[in-house]
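In: Pasted the sequence and its predicted model underneath.
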Amino acid sequence: VKQSVEELNQLCDAPTQIVSRGNVHHFDVSQGATVTICFFRDGLLVQGYPFWPYSADQARRVVSDIMDGYFPSVLQKSHPDGVELKIQD
């Protein structure tokens with residue numbers, strides 16, 4: 001899991017991008033943001049979300065997304081362009 005997170009975080013090291021929508025231009029605000037994921041013996045805790053035991057669908061999805069090379073889908077609304085992940089165990 002840690003190696004997969006390191007690979008995902010490399011995507012966050014890219015230079016800040018300017019996002020354009022019509023005549024509106026703004027900086028990608030996800031740059032510099034970090035979300036911590038704490039792994040425990042019996043489950044995990046994604047910053048801003050409740051504790052999920054490993055048997056819960058949400059926990060399995062977080063681990064599966066990371067291992068498949070994707071940012072956790074649970075973070076898609078708050079960080080649609082990805083976010084740096086910090087792992088604690």
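Out: Ah, there it is.
In: going forward, measure contacts between C-alpha atoms and count neighbours the same way
Out: Will do.
In: how many neighbours does C12 have?
Out: Look at C12: counted by other C-alpha atoms under 10 Å, it has 20 neighbours.
In: thought it was touching E84?
Out: Yes: counting by C-alpha atoms under 8 Å, E84 is a contact partner of C12 at 5.9 Å.
In: Show me which helix or strand of the protein is least confident by mean pLDDT.
Out: When each helix and strand of the chain is scored by mean pLDDT, DSSP states H and E, strand 24-27 comes last, with a mean of 44.
In: shaky segments in this protein?
Out: Segments of the chain classed as low confidence (criterion: pLDDT under 70) are 13-32.
In: contacting residues for A33?
Out: Under the criterion of C-alpha atoms under 8 Å, 6 or more residues apart in numbering, the contact list for A33 reads 83-84.
In: Can you show me the helices along this protein?
Out: If DSSP state H is used as the criterion, the helices of the chain fall at 2-12, 57-67.
In: Need the ones you listed in JSON lines (columns: distance to K77).
Out: Output for these, formatted as JSON lines (distance: least, C-alpha to C-alpha, whole Å):
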{"stretch": "helix 2-12", "distance to K77": "17"}
{"stretch": "helix 57-67", "distance to K77": "14"}
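In: Of the ones you listed, which is nearest G43?
Out: Proximity to G43 (C-alpha to C-alpha) singles out helix 57-67 among the helices of the chain, at 7.2 Å.
In: and the closest one, what does it pack onto?
Out: Contacts defined by 3 or more C-alpha pairs under 8 Å, 6 or more residues apart in numbering; DSSP states H and E place helix 57-67 against helix 2-12, strand 51-53.
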